[in-house]
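Student: Sharing a model prediction with you, sequence too.
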Amino acid sequence: MATVLLIFAACGREVQEIEKMSFDFAKFSTGYDPEWLSTGFDDSAWEELNLRETWDTQGYDKYDGEAVYRIRFDLPALSGSDRGPDLLIYLGKIDDADKVYVNGKYIGGNGGFKGDGGSDISFWDIDRTYAVYGNDPALNWGGSNVLAIRVNDKELEGGMYDGPVTIEACTEKDIASTNGLLGDPAKRHHIACQELPGGKIRCDATVRYYLREPAKGRITLLLKDDETGKTKKLFKSEPLELSCGSEYTTSLTLDEAGRAEIIAMFKGKVLARIVPPYILTPKAPAEPVINGPKVYGVRPGSPVIFKIPASGDKPMAYSVEGLPKGLEVNPDNGVISGSILMEGNYDVTLKASNGKGEGRKAFRFVVGDAIALTPPMGWNSWNCWGLTVTQDKVMASAKAMMDKGLTDYGWSYINIDDAWEADRRDKSGKILTNEKFPDIKGLGDWLHYNGLKMGIYSSPGDETCGHYLGSLGHEREDAETWASWGVDYLKYDWCGYGKVFNALDNKGREEYIRPYALMSKILREQKRDIVYSLCQYGMDNVWEWGAEVDAQCWRTTGDITDTWNSLKEIGFSQTVQHEYAAPGRWNDPDMLIVGKVGWGALHDSRLTPDELYTHISLWCLLSSPLLIGCDISQMDRFTFNLLSNPEVLAVNQDVLGKQAAKVWEDGDIQIWMKDVEDGKAIGVFNLGRDSRSVTIPLKELGLDEKSSVRDLWRCRELGRCAKKTFEVPSHGCFLLKLK
Ligand code: GLA
């Protein structure tokens with residue numbers, strides 16, 4: 001299908017260069033008035049703030065709320081052209097949320113503003129990069145422009161603090177890595193792909209011609225196949241005369257294939273390119289294969305809830321050889337339940353059979369003090385539903401986790417994040433759920449029956465990050481209430497505790513520890529194992545003392561969002577924590593940004609397929625808890641395959657519990673490596689804009705030159721590692737195992 005349309009008016013000749021502009025200071029006022037966003041507003045009476053420090057250090061100590069920064073910049077006149085270059089605006093980090101405008105037009109934002117009817121959501125630790133297209137009518141070429149940054153500070157320090165702000169011309173690739181909204185994608189050539197029911201991929205390639213002089217030629221779509229290295233012509237249009245304002249769209253359907261790139265060309269010039277979603281994980285066999293960890297830690301007498309994770313045709317019959325006294329297995333759904341009273345190691349064989357065969361796996365129950373012997377794997381409501389979470393939405397993802405077969409790969413936690421709490425306690429001080437969660441105990445029972453586990457969220461402060469009730473002063477009541485509901489996991493989020501902490505004279509480590517140690521003591525008194533997950537964004541190097549407060553996981557960073565910048569900043573900065581990881585002690589660089597995410601307003605993750613492979617590979621190497629952040633009921637085949645590769649997940653669930661370290665860096669190439677039970681797991685990552693060929697520096701990494709290598713995503717032996725060159729795409733990776 002192909003169409004030609006005529007749509008726009010502004011057409012230019014040549015795009016010209018501009019000089020990079022850099023700003024250390026901006027005009028500043030607390031408060032907010034829509035008038036302050038406009039170009040014409042007179043800000044001469046406003047004072048100037050340094051953009052490298054928060055406003056708290058510049059006369060606005062402890063100011064929380066809204067404020068506006070204004071930066072005036074000139075753009076050159078366009079000689080013989082109506083279209084300037086696309087602009088990339090870099091703002092650094094902003095505490096906590098921002099909305100950004102150019103000449104009064106909104107171009108993007110991160111985090112949330114309560115003042116706008118939303119809720120205050122902090123994105124304080126994320127770099128902001130926004131783009132404006134060169135033909136955006138909001139831009140004033142040959143005149144003065146105003147960049148207005150509206151900031152919302154929820155608590156603690158506030159404002160822009162990571163300057164200078166820069167504005168420069170950019171390429172399409174830069175635009176793809178911005179984390180603001182884009183100027184107006186309707187003004188660009190682009191290719192967009194989506195999965196069709198049945199697994200084929202449909203791509204719509206749209207070419208938009210904006211030059212004043214018409215041009216004659218054909219539009220060609222090429223497919224460059226990675227595996228074969230061959231370029232195939234997919235489509236060639238009839239000869240066209242593209243005139244200013246014409247738009248040309250063609251749609252194509254691709255069969256499921258390996259990694260390939262679609263390139264749209266006109267008169268020998270590349271107009272747009274995209275890598276459609278591609279599946280690497282081979283199809284699971286019909287015979288039962290038992291996946292998941294090899295160990296399960298449980299405390300004496302605590303309930304065991306473990307579903308045998310087996311892929312293959314259903315129905316399946318499950319059994320266990322050598323099951324210790326106190327445990328039983330449901331032969332129909334494979335759920336092992338009960339409890340073991342005596343400490344010790346209990347070795348069993350898990351079994352699953354169907355009409356096609358039988359799968360077996362050696363497995364150990366470790367009854368003792370330690371739990372979460374491998375990183376927790378499951379789902380959390382935050383990255384998809386934010387504060388709009390409901391019990392129905394939680395059930396929908398839990399059900400889809402089972403129906404789609406993610407539970408066959410060891411996914412088991414269903415964690416409710418913020419916004420389940422009622423706005424007041426009952427007379428006895430007991431915390432209640434709000435109307436969105438009519439029966440949380442029933443939800444817990446249903447999850448447990450199905451071999452899933454339930455997680456909950458609270459804060460050691462008086463309120464949570466979403467301004468719901470926190471546990472301050474009610475720690476015991478809350479832990480007991482959660483245990484009575486059947487809670488198996490607690491995420492305990494600092495937020496409201498900031499107020500208590502700020503009022504202290506002594507802000508030493510013991511004060512960071514205090515609220516977390518208090519809750520951990522009470523959790524341990526409950527008659528069930530509750531995985532304890534600290535969320536305080538890495539303050540005071542939490543990884544150095546997380547295990548001391550008896551936590552199993554601790555967030556090491558601020559909140560993640562679904563952009564390459566955020567993924568890169570968070571994932572690749574985990575360079576010092578690896579020494580602290582061990583079975584039952586996990587560094588947590590935040591939840592997964594795969595599938596449909598959006599903190600209440602769902603959209604497809606803005607990560608490209610290559611970036612998503614990088615995301616999962618790195619999180620597995622880092623032995624991070626894996627918490628799916630999307631609505632699983634809307635999960636596509638690509639995302640399912642990304643999360644159900646047994647060899648990749650085995651890197652995360654490895655029994656040694658090591659965390660990978662960065663062992664090699666050469667420009668944009670980074671190699672991360674960790675010991676696993678049967679060799680070394682290695683990730684080769686390309687953080688740069690162009691693909692790169694990499695050979696693994698075996699000698700420098702102390703590896704045997706005779707090592708053989710396996711490609712874990714493709715589940716394929718590659719032979720002697722020394723002979724291999726890996727063609728690593730931009731923002732992509734290879735995940736390997738060396739033996
Ligand atoms: C903080 C946390 C998030 C989420 C929200 C809930 O921002 O870091 O992961 O739990 O609070 O309000």
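Tutor: Looks like it arrived, so ask away.
Student: ok, Gly600 touching Gly386?
Tutor: Yes. Gly600 lies in contact with Gly386 (Cβ atoms under 8 Å); the separation is 3.8 Å. All C-beta spots, glycine's among them, are computed from the backbone N, C-alpha and C.
Student: Those two: which is more packed in?
Tutor: Shown here are Gly600 and Gly386; by other Cβ atoms under 10 Å, Gly386 has more neighbours (21 against 16).
Student: if I pick that one, what's in contact with it?
Tutor: Gly386 sits next to Ser119, Ile121, Ala419, Gly466, Gly598, Trp599, Gly600 when contact means Cβ atoms under 8 Å, 6 or more residues apart in numbering.
Student: so which of those residues also contact the ligand?
Tutor: With respect to the ligand, and counting by Cβ under 6 Å from any ligand atom, the subset of the contacts of Gly386 in contact is Gly466.
Student: Is the nearest residue to Pro309 once chain neighbours are set aside in a helix, a strand, or coil?
Tutor: Distances taken as Cβ to Cβ, 6 or more residues apart in numbering put Gly292 closest to Pro309, at 3.8 Å, once the chain neighbours are dropped. Three-state call for Gly292 (DSSP: H, G, I helix; E, B strand; the rest coil): coil.
Student: Gly334 is in contact with Gly292, correct?
Tutor: No. Gly292 is beyond contact range of Gly334, at 10.8 Å (criterion: Cβ under 8 Å).
Student: Near the ligand, which residues of the chain are found?
Tutor: Proximity of the chain to the ligand, by Cβ under 6 Å from any ligand atom, involves residues Ser122, Trp382, Asp417, Asp418, Tyr457, Thr464, Cys465, Gly466, Asp493, Cys535, Asp559.
Student: 5 Å instead, please
Tutor: Trp382, Asp417, Asp418, Cys465, Gly466, Asp559 (Cβ under 5 Å from any ligand atom).
Student: now what about stretch 59-70, what contacts it?
Tutor: By Cβ under 8 Å, 6+ apart, stretch 59-70 touches 26-33, 36-37, 41, 43, 46, 49, 51, 55-56, 113, 115, 146-156, 158-160, 502.
Student: returning to what we had before: any residues in contact with both of Gly292 and Gly334?
Tutor: Residues touching both Gly292 and Gly334 (Cβ under 8 Å, 6+ apart): Ile308, Pro309.
Student: related to what we said a few turns ago, need the contacts of Gly386 in CSV (columns: secondary structure and pLDDT).
Tutor: Compiled in CSV, the contacts of Gly386 are given as follows (DSSP: H, G, I helix; E, B strand; the rest coil; pLDDT from 0 to 100):
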residue, secondary structure, pLDDT
Ser119, coil, 74
Ile121, strand, 78
Ala419, coil, 97
Gly466, coil, 92
Gly598, coil, 90
Trp599, coil, 90
Gly600, coil, 86
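Student: for the contacts of Gly386, which one is nearest the ligand?
Tutor: Nearest to the ligand among those, counting by Cβ to the nearest ligand atom, is Gly466 at 3.7 Å.
Student: Next up, the contacts around that closest one.
Tutor: Going by Cβ under 8 Å, 6+ apart, Gly466 touches Ser119, Asp120, Ile121, Gly386, Leu387, Asp418, Ala419.
Student: Which residue does the stretch 551-700 of the chain have closest to the ligand?
Tutor: In the stretch 551-700 of the chain, the residue found nearest to the ligand is Asp559; the distance is 4.6 Å by Cβ to the nearest ligand atom.
Student: from what I can see that residue touches Phe123, true?
Tutor: Yes. With contact defined as Cβ under 8 Å, Asp559 counts as touching Phe123 (6.0 Å).
Student: so where is this protein shaky, pLDDT-wise?
Tutor: Residues of the chain meeting the criterion pLDDT under 70: 1-16, 80-82, 171-189, 210-213, 244-245.
Student: in it, which spans are helices?
Tutor: 172-176, 382-385, 391-403, 440-449, 475-485, 497-502, 509-524, 564-571, 609-621, 637-642, 646-652 (DSSP state H).
Student: CA atoms only: put the last one into PDB for me.
Tutor: What it means is helix 646-652. Provided in PDB are the C-alpha atoms of helix 646-652 (Å, rounded to 0.1, in the frame of the first residue of the first chain):
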ATOM      1  CA  PRO A 646      16.000 -19.700  29.800                       C
ATOM      2  CA  GLU A 647      19.800 -19.300  29.100                       C
ATOM      3  CA  VAL A 648      19.700 -15.500  29.600                       C
ATOM      4  CA  LEU A 649      17.600 -15.800  32.800                       C
ATOM      5  CA  ALA A 650      20.000 -18.400  34.100                       C
ATOM      6  CA  VAL A 651      22.700 -15.700  34.200                       C
ATOM      7  CA  ASN A 652      20.500 -13.700  36.600                       C
END
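Student: Show me what that helix is packed up against.
Tutor: Secondary-structure packing of helix 646-652 (3 or more Cβ pairs under 8 Å, 6 or more residues apart in numbering; DSSP states H and E): helix 609-621, strand 669-676, strand 733-738.
Student: burial of the closest residue to Glu525 other than its chain neighbours, as a residue count?
Tutor: Excluding the flanking residues, the one nearest Glu525 by Cβ to Cβ, 6+ apart is Ala479, at 7.7 Å. Neighbourhood size, Ala479 [other Cβ under 10 Å]: 23.
Student: And the one 4 residues further on, by the same measure?
Tutor: For Ala483, the tally of surrounding residues (other Cβ under 10 Å) stands at 17.
Student: and the spatially closest residue to it that is not a sequence neighbour, what does it touch?
Tutor: Closest residue to Ala483 apart from its sequence neighbours, by Cβ to Cβ, 6+ apart: Gln526 at 4.0 Å. Contact analysis of Gln526 by Cβ under 8 Å, 6+ apart lists Ala479, Glu480, Trp482, Ala483.
Student: if I pick the first one, what's in contact with it?
Tutor: Taking Cβ under 8 Å, 6+ apart as the criterion, Ala479 is in contact with Leu490, Met519, Ile522, Leu523, Glu525, Gln526, Ile530.
Student: got a list of what Leu252 touches?
Tutor: Per Cβ under 8 Å, 6+ apart, neighbours of Leu252: Arg202, Cys203, Ala205, Leu221, Leu234, Phe235, Ile262.
Student: wait, Ser144
Tutor: Going by Cβ under 8 Å, 6+ apart, Ser144 touches Thr39, Arg72, Phe73, Asp74.
Student: just Ala396 next, same as before
Tutor: Per Cβ under 8 Å, 6+ apart, neighbours of Ala396: Asp631, Ile632, Ser633.
Student: likewise Leu712?
Tutor: With Cβ under 8 Å, 6+ apart, Leu712 has these contacts: Asn645, Glu647, Val648, Val651, Ala681, Leu735, Leu736, Lys737.
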